[in-house]
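# sequence first, then the predicted structure, then my questions.
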Amino acid sequence: MKVKIKNELLFRKAFIPWYDTELAILLTLIFSLVVLLFSMFGIAASLETPEYKAFIWIPCLAGFLSLFLLVSLFIRSIKRDSMGNS
């Protein structure tokens, strides 16, 4: 009887967390792209205005973090799609 219970556990459908769904990844990618574009405008504005040059690190940090998130989510979605098709 214990063997039957173990076999049933092996063939159970995999649980996918809400943050790993296609919709959540797509929305996060879009939001991260918007933040990256906003940070690029912030860097341009900071370079044009002498008073803001001391604060250029803020849009640079936002751009770096959103770019990191974009790349990691893109890689995650590619790995997820390749594992699903196999």
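Sure thing, it's come through.
# sticking with the residue positioned nearest the centre of the chain, tell me its helix or strand.
For the chain, the residue nearest the mean C-alpha position is Leu73 (3.6 Å; C-alpha atoms, centre = their mean). Secondary structure from DSSP states H and E places Leu73 in helix 57-85.
# could you give the number of residues near Gly42?
18 (other C-beta atoms under 10 Å). Heads up, the C-betas are built off the backbone N, CA and C, glycines and all.
# pull the contacting residues for it.
Ile58, Pro59, Ala62, Gly63 (C-beta atoms under 8 Å, 6 or more residues apart in numbering).
# please apply the same query to Lys53.
Ser46, Leu47.
# from Ala44, how far out is the nearest residue to Phe41 once chain neighbours are set aside?
Excluding the flanking residues, the one nearest Phe41 by C-beta to C-beta, 6 or more residues apart in numbering is Pro59, at 7.9 Å. In this view, Pro59 and Ala44 are 9 Å apart by C-beta to C-beta, to the nearest Å.
# neighbour count winner among these two?
Neighbours were counted for Pro59 and for Ala44 using other C-beta under 10 Å; Pro59 has more, 21 against 11.
# hang on, that one packs against Ile43?
Yes: in this structure Pro59 lies within contact range of Ile43 using C-beta atoms under 8 Å: 4.8 Å.
# pull up the overlap in contacts between those two.
By C-beta under 8 Å, 6+ apart, no residue touches both Pro59 and Ile43.
# on that earlier part again, now the residue nearest to the centre of the chain: how far from Phe31?
Leu73 sits 10 Å away from Phe31, going by C-beta to C-beta.
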